[in-house]
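Chemist: kindly generate the corresponding structure for this input.
(6 chains)
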Number of protein chains: 4
Amino acid sequence: MSIQERSKSRRQRLLDAALTVFTEQGYNATPIDDIARASDTSKGGVYFHFPSKQALFLALLDESSAALLEKVEAAMAHEPDPLLRGEAALRAVITSFAEHRLLARLLLVEAAGAGRDFNRALTDMHERFAMLIASCLDEAVAAGQIAPLDTRFTARAWYGAVNHIVLHWLQTGEPKHLEATFPLLRDLLLVGVVGREKVQECS
Amino acid sequence: MSIQERSKSRRQRLLDAALTVFTEQGYNATPIDDIARASDTSKGGVYFHFPSKQALFLALLDESSAALLEKVEAAMAHEPDPLLRGEAALRAVITSFAEHRLLARLLLVEAAGAGRDFNRALTDMHERFAMLIASCLDEAVAAGQIAPLDTRFTARAWYGAVNHIVLHWLQTGEPKHLEATFPLLRDLLLVGVVGREKVQECS
Amino acid sequence: MSIQERSKSRRQRLLDAALTVFTEQGYNATPIDDIARASDTSKGGVYFHFPSKQALFLALLDESSAALLEKVEAAMAHEPDPLLRGEAALRAVITSFAEHRLLARLLLVEAAGAGRDFNRALTDMHERFAMLIASCLDEAVAAGQIAPLDTRFTARAWYGAVNHIVLHWLQTGEPKHLEATFPLLRDLLLVGVVGREKVQECS
Amino acid sequence: MSIQERSKSRRQRLLDAALTVFTEQGYNATPIDDIARASDTSKGGVYFHFPSKQALFLALLDESSAALLEKVEAAMAHEPDPLLRGEAALRAVITSFAEHRLLARLLLVEAAGAGRDFNRALTDMHERFAMLIASCLDEAVAAGQIAPLDTRFTARAWYGAVNHIVLHWLQTGEPKHLEATFPLLRDLLLVGVVGREKVQECS
DNA sequence: AATGAATGAGCGTTCATTCAT
DNA sequence: TATGAATGAACGCTCATTCAT
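Modeler: As a prediction, this is how the structure comes out:
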């Protein structure tokens, strides 16, 4: 057990260091040595736990996005109302990114820059998030809360809007508090579906 | 003059080849040799026209985005109505990307993957596009067509939505015809601002 | 005792695995892990029994060649006639290699490829075999069966001829049955010493 | 032309250095840097002329063995008599190896130690030499000089005998003068075919 | 203007060996 | 005895950049 724990902690140390270093320098510009140093290990140690630099980055992506996804799903679980559930998801994403700038950088900036090989994984991740929203929209349509529409398409558009706002915040630092954009985004996006009047009822 | 022309054509051949090769293989994975070969030049030839690989990519980014920006601005010039002008801009962007898949890849995928050094240039480019939309919104507000709002923020959100839709198209090929998304996007975005009723008047 | 036995069997399992894996992949291309895995041990286990990869290979060489040498000597022990004793040795070598292809690969191919450090050991081994033949020749000369000659030199030439035939069989699979070459080789080699007429008397 | 010459000389310098360094340290134990240093080039320079370490070694093998083969064929060209032609070939090989110890080491020792990937090339080379001898034997048979026999097999056996003698010389330095072994080998080998009496007539 | 040979720093990966448990 | 995590030196190869021609 202690062995497993140490092993796990080493692996976790590696992932933590990787998150820091990759987001600081970018995937391509980060030598494995830097990750080894940042995690108080040796180069060989990295390769004992991950078969390649790519695999390490992929594991980092997977585990990070899975954690975020869980958070968002947890935030959604409480809400019975489909539209409010979508709102909760939106808030959870924005809050998470605001609290974990590195995570945001990793998923929205570095993952794109890591190269052709990660496109698939990244696209998949984006779709998972978008489809979370799409399912809310589907239920809202089914419940008659909103008029029928292409929910997947709409979800992607929403998701893209959120992403870009976060991206802008990451790279310019504006607005100071990312969370402050939540009501703006919510209104902007929801109004497009339910019309202005209903939004005012909701909030 | 013929020398300059040949020089110019050589430079252009280089940029054309760079667009093709960079989008095929990604910035980091593309050796200068590949560009030289694809443009029927030599490695030295590339370095005669551009001081570095970075500079070449930057020039490609600049000239490509400038050309796109011009197209969009040209499309906007015809429209006196601010909202219709925004619509025209949107249509121009989508049409351009649909016609020049490589350009879309370059600006939306590869530029992100090229590394830290291009973030500034990329952010600037995105802002230029977003601010094009923002100015339409500003005028629409000034003209009393829409209620006052944070036009820059809204413009960025819109722009992000469009980007993500294009991105999804690039990486999954869906929908078959990117242009088909135009009415959907227009409605989605505009309704969020002017309310459902007014949109129906506009179109 | 059971501990020693288990230890001995472990050591033997290691040598057996080493023979298989080394001849499959070559000395340099074989990581210790492969041997550990093939012998159901761990890397540490290998290093408990052998101080280094080199030592393991050397032990394998020594024990394999010693076993072969014993076989050959046993085959010779029965023959009182010097020339027939040489013939028996030849037959024993060829038969052994034919039956233990891995052994042949190890001694004739991999040992050469293992690197500078094994040259001495390999040369010694070859000399031991050659000198076995040389001693037969010496006795045959002493007995007046053949005319005086440089027996060591002749023995080495014979041995080289046999080696090459085996090598060719190893790498091309021809002839199907290595044993079939025995009479050919015997005639070829013996005739060179005693002359054609006497060979026909012998056989 | 001067460019080609310089390029050729660089390539040749590389091959020369490779011959020296590979035979000094062995293929696996020789880093590319050593070859670069020995040929007054840089690592990159090596890779400009050869795509890989393997390819360099293979080129070295090919060109060296081709040169030797030519020498042997040239020596054979003068002799109309098949058996004397074989004798000439034998003398040419031994003389060449005696004069170019490095070449001998390369072809007979290092090539074997370079690893699985070179086995094919090496086997082919050996076969070419052996078949040179086989063709002499074929003609000798056709001319009725010797009794019918398996010429390919016999040629391989001869070739193996010669190889081993050279090998022994390489690794022990005995005899001092390799050329001195020529008459011994010739007698040993020829007598095996034509019988003692005829050999005495020939020489 | 153009060529392409040459440079050399840099990096991903391997693997023999060690050692705490 | 045995395990397997950890180490770190070493090496093959790449490629942006330079420069003599």
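Chemist: looking at chain A, which residue is nearest chain C?
Modeler: A:Phe48 (11.6 Å; Cβ to the nearest Cβ). (C-beta placed from N, C-alpha, C; glycine too.)
Chemist: how many other residues sit next to that residue?
Modeler: 14 (other Cβ atoms under 10 Å in any protein chain shown).
Chemist: that one and B:Val141, how far apart?
Modeler: 60 Å (Cβ to Cβ, to the nearest Å).
Chemist: which helix or strand contains the nearest residue to A:Leu178 once chain neighbours are set aside?
Modeler: Distances taken as Cβ to Cβ, 6 or more residues apart in numbering or on different chains place A:Ala98 nearest to A:Leu178, at 4.0 Å, with adjacent residues excluded. Counting by DSSP states H and E, the element that carries A:Ala98 is helix A:82-99.
Chemist: could you list the buried residues of that helix?
Modeler: A:82-83, A:85-98 (16 or more other Cβ atoms under 10 Å in any protein chain shown).
Chemist: let me know the average pLDDT across the helix or strand following it.
Modeler: Following helix A:82-99 in sequence order, the next helix or strand is helix A:101-104 (DSSP H and E). What helix A:101-104 shows for mean pLDDT is 93.
Chemist: quick check, helix A:101-104 touching chain B?
Modeler: No: residues of helix A:101-104 are not located near chain B by Cβ under 8 Å from any Cβ of the partner chain, the shortest gap being 13.9 Å.
Chemist: and the angle for the helix or strand harbouring A:Met76 with helix A:82-99?
Modeler: Assigned by DSSP H and E, A:Met76 belongs to helix A:53-77. For helix A:53-77 against helix A:82-99, the angle by axes from the mean of the first three to the mean of the last three Cα atoms, to 10 degrees is 140 degrees.
Chemist: and the closest residue to A:Ala114 other than its chain neighbours, which of the three is it?
Modeler: In space, and not counting its chain neighbours, A:Ala114 is closest to A:Tyr27: 3.9 Å by Cβ to Cβ, 6+ apart. Using DSSP: H, G, I helix; E, B strand; the rest coil, the structure places A:Tyr27 in coil.
Chemist: can you tell me how far A:Tyr27 is from B:Ala92?
Modeler: Distance from A:Tyr27 to B:Ala92, by Cβ to Cβ: 33 Å.
Chemist: so what's the closest residue to A:Arg186 other than its chain neighbours up against?
Modeler: Among residues not flanking A:Arg186 along the chain, A:Glu87 sits closest, at 5.7 Å (Cβ to Cβ, 6+ apart). By Cβ atoms under 8 Å, 6 or more residues apart in numbering or on different chains, A:Glu87 lies in contact with A:Glu79, A:Arg186, A:Leu190.
Chemist: and the helix or strand encompassing A:Gly45, what other elements does it pack with?
Modeler: Here A:Gly45, judged by DSSP H and E, is contained in helix A:43-49. Counting contacts by 3 or more Cβ pairs under 8 Å, 6 or more residues apart in numbering or on different chains; DSSP states H and E, helix A:43-49 is packed against helix A:2-25, helix A:32-38.
Chemist: now do the contacts for A:Val141.
Modeler: Per Cβ under 8 Å, 6+ apart, neighbours of A:Val141: A:Ala147, A:Pro148, A:Leu149, A:Thr151.
Chemist: swap in A:Leu61?
Modeler: So A:Leu61 contacts A:Leu106, A:Leu107, A:Ala111, A:Phe118, A:Ala121, A:Leu122, A:Met125 (Cβ under 8 Å, 6+ apart).
Chemist: for the second one, give me its contacts.
Modeler: A:Leu107 is in contact with A:Leu61, A:Ser64, A:Ser65, A:Leu68, A:Met125, counting by Cβ under 8 Å, 6+ apart.
Chemist: go on, the fifth one?
Modeler: Contact analysis of A:Ala121 by Cβ under 8 Å, 6+ apart lists A:Leu58, A:Leu61, A:Asp62, A:Ala111.
Chemist: show me the two of those that sit farthest apart.
Modeler: With Cβ to Cβ as the measure, no two of the contacts of A:Ala121 lie farther apart than A:Asp62 and A:Ala111, at 10.8 Å.
Chemist: the more surrounded of those two?
Modeler: Using other Cβ under 10 Å as the criterion, A:Asp62 and A:Ala111 rank with A:Ala111 on top: 26 against 13.
Chemist: thought that one was touching A:Leu122?
Modeler: Yes: applying Cβ atoms under 8 Å as the test, A:Ala111 and A:Leu122 come out as touching, 4.8 Å apart.
Chemist: lowest-confidence one in the contacts of A:Val141?
Modeler: A:Ala147 (83).
Chemist: quick one on the thing from earlier: nearest to B:Gln171 among the buried residues of helix A:82-99?
Modeler: A:Val93 (20.9 Å).
Chemist: measure how buried the spatially closest residue to A:Val109 that is not a sequence neighbour is and give me the count.
Modeler: Nearest non-adjacent residue to A:Val109, counting by Cβ to Cβ, 6+ apart: A:Leu170, 6.6 Å away. Using other Cβ under 10 Å, A:Leu170 is surrounded by 18 other residues.
Chemist: tell me the contacts of A:Leu170?
Modeler: Applying Cβ under 8 Å, 6+ apart to A:Leu170 gives the contacts A:Arg101, A:Ala104, A:Arg105, A:Leu108, A:Val109.
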